[in-house]
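**Q** Here is the input, now give the coordinates:
(chains A and B)
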Amino acid sequence: MSFWRIIFNSIRQHIGSSILAVVSIGLGVALLIAVFSLREQTHKTFTEIGTGVDAVLGPKGSSLQILLNAVYHLEEMPGKIKWSYMKEVEKNPIIIEAIPFCTGHSYAGYRVNAIDRRFLTDFEYLPGHKFSFDEKENGKGRPFNAAKEAVAGWEVAKKLHLKLGQTFNPVCGTKSGDPVHMNDYIVFVGILAPTGTPHDRAIYFPLTTFYGLEGHGTATAKMAEDEKYREISGAYLKIKRIRNGAMHPGIQDLKFSINQSTDAQLVVPGEVLPRLFSIIGWVDYVFIAVSIMVLVLAGMFLFVALLSALRQRRRDMAIMRCLGATRRTVFGLVLSEALIICLIGGVLGLIFGHILVGIGAEQMKSETGIHFSGLYISTIDYLLLPSLVAIGIFTGLIPAIQAYRMGVLKNLLPVS
Amino acid sequence: MKKNIFIAVLTIVAVILSILLVMSKQKNQKSCELEGKHKAYHEGSLNAITQCEIGHFEVKVLDDKLDGWFVGGGSDTNRAVRVTVDKIEFSVFLPDGTIKEIVLFSSPLDLAGEKKGDCSHFEGGADWLKDIKTFQAVGKIYFKEKWQPLIIQYPEGYDRD
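**A** Sure thing, here's the model as predicted:
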């Protein structure tokens, strides 16, 4: 009987505990794969891919809150800034473009942002990528041209089954129960082609329309006519680039100056997001620790299963030794069995982990607007094989040593 | 058998403790990096105004131009501190032993709402600045309601403590 045949038969003999060991190792691996994959993809989306916004000019308050509201369509803006202040900032030579916006409205759970039309025509959500309405790219219609027109992000249009020509009444607020602008009918004239960014999850309409919505009061209506009184939630800033596409170093001086004012602050996503990750980083550690614990418990379970299997097979081992098997052979048999169980569990866990991310990706995309892929290869995928070999050796070593030391004569006696 | 199980459990506990220890060490290291460092927000050199806790004068030289910002003490170096003078005169001691004079004039940060005579930013220029890499300068400033000596050590920065 071949070496591998003996191992296969041994696993079959204690199939129940072997399957349980495979399942528990698989679960631990799947958890680790899912946690690492989501962690790295989130990190990549927030820090590397970006959303085309070099900096956000916003009111005083939490910089993180401003960023989440302006770019990721979450949270609330902590205040407003003067239009005239934005115009002053725009004069700075390192600024290519400032696109003002007003947040605070919603429709069917999606944010409705009032924004300058240049956002739809000139803004690059990724280097070299502007918004498209091309039907070949799954877009429709055109940018808004008149006051009562709006454009929907791809995700919103898909979820709400929006059609061009359809009208909606914006909600004055972002919570359920907030008042609706019942007499303001805004018509959808365009649907943006998918961008894979949070911009897909919002509806956009002209800035001037925002000020004129019924119920906003005369003071707000006046903002549409006279720039002196006009206020905005913030502005996306496009900063000049220098060598290798790096942002102009003058951004630091500009940020320092703006941040000294009592009216506004400059938020650079690349600086704020690492802070967000340092705040929520402990959650990652908890998930990783839980996954490692599951793996360790699975390893302990395998260890006990191997030991008990060895106790049952003492006589078989002794007979094998009598038939010519060396100490090293029985040592190798037990160790290989542990390794095989670990590897089977690992491969199943690897597949299951990626399926888990793939299934959850759609749900998470609709909640956060971030694209996740089940096929993403994270750091842990590369470390998986050596780690499983280590776990296999670790759990199989003591039973293998016991098998190695086993006395032949003593164990030739029938077990029962 | 019991001994083996005991050893195995002990080893597993040791592995878990090591992982947790490494994680907490990494976290501590990160927080230490964030704390205790006085960041120069304009990437210049920070010069304590008598003591680090009182305030700093951040200095940056680019070609023949010298920029200076009065900023807060301690780790408050991201906060501008306005002074009420229009100009600051410095005696500059160069490495070759020569002494030069330079005057920095107030240059208000408009976006911060600063005005001449109530600002945190000063600038000045001189041709000889182009050729020097290091210098020491001494001046005087009315800072936080008191005349204080102002010492610049460029590029390493000045800190009496």
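
**Q** all helices of chain B, in order?
**A** Here chain B has its helices, by DSSP state H, at B:2-34.

**Q** So it: which segments form each domain?
**A** B:1-35, B:45-154 (automatic domain parsing).

**Q** Of all residues in chain B, which one is closest to chain A?
**A** B:Ala112 (3.5 Å; CB to the nearest CB). Placement of C-beta: from N, CA and C, glycine included.

**Q** gap between that residue and B:Ser75?
**A** Using CB to CB, to the nearest Å, we find B:Ala112 at a distance of 20 Å from B:Ser75.

**Q** now could you export just the CA positions of stretch A:382-394 as PDB?
**A** The C-alpha coordinates for stretch A:382-394 follow below in PDB (Å, rounded to 0.1, in the frame of the first residue of the first chain):
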ATOM      1  CA  TYR A 382       0.000  35.100  -0.600                       C
ATOM      2  CA  LEU A 383       0.600  34.200   3.000                       C
ATOM      3  CA  LEU A 384      -2.000  31.500   3.200                       C
ATOM      4  CA  LEU A 385      -0.100  28.600   1.900                       C
ATOM      5  CA  PRO A 386       3.000  29.000   4.100                       C
ATOM      6  CA  SER A 387       0.700  29.700   7.100                       C
ATOM      7  CA  LEU A 388      -1.300  26.600   6.500                       C
ATOM      8  CA  VAL A 389       1.900  24.500   6.200                       C
ATOM      9  CA  ALA A 390       3.100  26.000   9.500                       C
ATOM     10  CA  ILE A 391      -0.300  25.200  11.200                       C
ATOM     11  CA  GLY A 392      -0.200  21.700   9.800                       C
ATOM     12  CA  ILE A 393       3.400  21.100  11.100                       C
ATOM     13  CA  PHE A 394       2.500  22.800  14.400                       C
END
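
**Q** ok so, going back, what sits against the residue of chain B closest to chain A?
**A** A:257-258, A:260-261, B:80, B:120 (CB atoms under 8 Å, 6 or more residues apart in numbering or on different chains).

**Q** Can you add distance to A:Asn92 and give these back as a markdown table?
**A** Below are the contacts of B:Ala112 laid out as a markdown table (distance: CB to CB, whole Å):
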| residue | distance to A:Asn92 |
| --- | --- |
| A:Ser257 | 9 |
| A:Ile258 | 9 |
| A:Gln260 | 14 |
| A:Ser261 | 13 |
| B:Ala80 | 17 |
| B:Ser120 | 18 |
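
**Q** thinking again about what came up before, please identify the most buried of the domains of chain B.
**A** domain B:45-154 (a mean of 17; mean count of other CB atoms under 10 Å in any protein chain shown).

**Q** The residue most central in space within chain B bridge partners, please.
**A** By CA atoms, centre = their mean, chain B has its centre lying nearest to B:Leu46, at 3.3 Å. For B:Leu46, the beta-bridge partners are B:Glu58 (DSSP bridges).

**Q** So for A:Lys80, which of the domains of chain B sits nearest?
**A** Set against A:Lys80 and scored by CB to CB, the domains of chain B come closest in domain B:45-154, at 17.0 Å.

**Q** how far does the closest one sit from the chain's center?
**A** Mean-position distance between domain B:45-154 and its chain equals 12 Å (CA atoms, centre = their mean, to the nearest Å).

**Q** how long is it from one end to the other?
**A** Domain B:45-154 has an end-to-end distance of 7 Å (criterion: CA to CA, to the nearest Å).

**Q** Would you mind checking the average pLDDT for that domain?
**A** Domain B:45-154 carries an average pLDDT of 92.

**Q** That'll do, ta.
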